[in-house]
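> what shape does this take:
(one chain, ligands or ions: 1)
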Amino acid sequence: MKWLSLLLALALTACVATPNPYPDLGGDFVNYDAARAKSIKVSAPIFRANAAFCSKRTLIDFANEPPFEICAQKIRLMPGAHVNAHTDGQYIILTEGAVMTLSEDELAFLVSHELGHDIAGHDMAAGSKPKLELEADDLAIEIMNRAGFNPRVVPAFMERLDFAYSPGDEGHPPGAARQFVVKEALKRLGL
Ligand SMILES: [Zn+2]
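Coordinates of the predicted model:
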């Protein structure tokens, strides 16, 4: 999707048109525009607040403020009512179901978890492992907190889903282990 263009357009400022080399995955969306708008609303502050930590950054140049960096990862939407998120290192791929059924704080956790893989230097092209998932969960609490989202919702969110948001992903550890890690991260941050 036209991530940069949309981000700029959302801020209602003059922007440089960016060609779109990253189309969303094809298929039937229920309400693509709504999913796109919400995914940008949640991910834009996360990408901005965490730019200093990301492996790759890109510069945003608004007319009315000094240029600033954001993480270079891109959000890609895919159709489907199920709640699912994953990353291939370049894209963070979110299902329409995840974007539209989760609260903004819960969605922020999903985006932050995927960004956590990048910040931790995980090679996601090689597939996931339980240890990597727990590291990403741990980092995600800090990542979303930096962007002003509320990480205190995460333990209940995990309990609700039993962390089944990645069906078929053998690399994900049991929900109880993930809950333990995020609760420890919350304590560490004094939250
Ligand atoms: Zn993961």
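
> and Lys183, how many neighbours?
Residues near Lys183, counting by other Cβ atoms under 10 Å, number 15. In this view, the C-beta of every residue, glycine as well, is placed from N, C-alpha and C.

> next one: Gly190
5.

> so where's this structure uncertain?
Along the chain, the parts satisfying pLDDT under 70 run over 1-23, 162-172.

> quick one, helices of it?
3-10, 32-49, 96-101, 104-119, 130-146, 154-161, 175-188 (DSSP state H).

> list the contacts of the nearest residue to Val99 once chain neighbours are set aside.
Excluding the flanking residues, the one nearest Val99 by Cβ to Cβ, 6 or more residues apart in numbering is Ala35, at 4.5 Å. Residues near Ala35 by Cβ atoms under 8 Å, 6 or more residues apart in numbering: Phe29, Leu77, Glu96, Val99, Met100.

> how much space separates Ala35 from Lys74?
15 Å (Cβ to Cβ, to the nearest Å).

> sorry, back to before: a markdown table for the contacts of Ala35, including distance to Met124?
As requested, the contacts of Ala35 are exported to a markdown table (distance: Cβ to Cβ, whole Å):
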| residue | distance to Met124 |
| --- | --- |
| Phe29 | 25 |
| Leu77 | 18 |
| Glu96 | 22 |
| Val99 | 20 |
| Met100 | 25 |
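
> and those residues near the ion, which?
Residues of the contacts of Ala35 in contact with the ion (Cβ under 5 Å from the ion): none.

> quick check, nearest of those residues to Arg178?
Of all these, Arg178 sits closest to Val99, with 20.9 Å by Cβ to Cβ.

> count the residues that sit near the residue nearest to His86 when sequence neighbours are not counted.
Spatial nearest neighbour of His86, chain neighbours left out: Ile93 (5.5 Å); criterion: Cβ to Cβ, 6+ apart. For Ile93, the neighbour count with other Cβ under 10 Å is 19.

> so Ile93 is in contact with Met78, correct?
Yes. Judged on Cβ atoms under 8 Å, Ile93 makes contact with Met78 at a distance of 5.8 Å.

> identify the contacts common to these two.
Listed as contacting both Ile93 and Met78 by Cβ under 8 Å, 6+ apart are Leu25.

> look up how far Leu189 lies from the residue nearest to Val99.
When distance is defined by Cβ to Cβ, Ala35 is 30 Å away from Leu189.
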